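K.L.:
how would this look folded up:
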Amino acid sequence: MARISTSAAKAKGRRLQDFVAESFRKMHPSLEEDDVKTAIMGESGTDIKLSPAARRLIPFDTECKNQEKLNIWASISQCETNCKENRIPLLVFKRNRTKTYACIEFEKLLELLQKNKADVNSAATAKSEATDSGVSS
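P.N.:
Okay, the predicted model is just below:
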């Protein structure tokens, strides 16, 4: 099997970074293109660079890996090392002709699910109170 050239490998990694950055921007239409940017190849830190406005909406410090053979533990370690305090390390990975996957610590997943549950319950309570007071939404 032929090895991929360094420039092709970097382009492959860049495609995944671009996909993740664009996905975050689509999820939050209020963000500008400069709010969610990709790192320059070889730059230290996370692969997705977020502005302060984007950090308020996106709780993740993201590492992207587009590789055929991924050392998951080394990738998680790199992701955690690059993660800043009070942020959630997120590893996004894929290989050719596969879906894109995301990996976060299980406890962080449970925290996000709990927060989502609380947000849904809060919204349902607010809607119920508005309906009870005769205000329709």
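
K.L.:
Give me the below-cutoff pLDDT ranges for this structure.
P.N.:
Confidence mapping of the chain against pLDDT under 70 gives the ranges 1-2, 123-124, 126-137.

K.L.:
Strands of this structure, residue ranges please.
P.N.:
Under the criterion DSSP state E, the chain contains strands at 36-38, 48-50, 60-66, 88-94, 101-103.

K.L.:
what number of residues lie near residue 50?
P.N.:
22 (other Cβ atoms under 10 Å). Glycine gets a C-beta too; all of them are placed from N, C-alpha and C.

K.L.:
ok, now which ones touch it?
P.N.:
35, 36, 58 (Cβ atoms under 8 Å, 6 or more residues apart in numbering).

K.L.:
repeat for residue 16
P.N.:
The neighbours of residue 16, taking Cβ under 8 Å, 6+ apart as the test, are 64, 65, 66, 92, 93, 94, 100.

K.L.:
Is it correct that the first one is in contact with residue 101?
P.N.:
No - taking Cβ atoms under 8 Å as the contact criterion, residue 64 and residue 101 are not neighbours in contact, 11.1 Å apart.

K.L.:
the more surrounded of these two?
P.N.:
residue 64 (27 against 12).

K.L.:
Can you check the contacts of residue 50 and name whichever has the most neighbours?
P.N.:
residue 36 (26 neighbours).

K.L.:
domains for the chain, by residue range?
P.N.:
Following automatic domain parsing, the chain resolves into domains at 6-104, 106-137.

K.L.:
what about residue 70, how many neighbours?
P.N.:
The number of residues near residue 70, taken as other Cβ under 10 Å, comes to 15.

K.L.:
what residues are up against the closest residue in space to it that isn't next to it in sequence?
P.N.:
In this structure, residue 70 finds its nearest non-sequential neighbour in residue 93, 5.7 Å apart by Cβ to Cβ, 6 or more residues apart in numbering. When contacts are counted by Cβ under 8 Å, 6+ apart, residue 93 touches 16, 64, 65, 66, 67, 70, 75, 100, 101, 102, 103.
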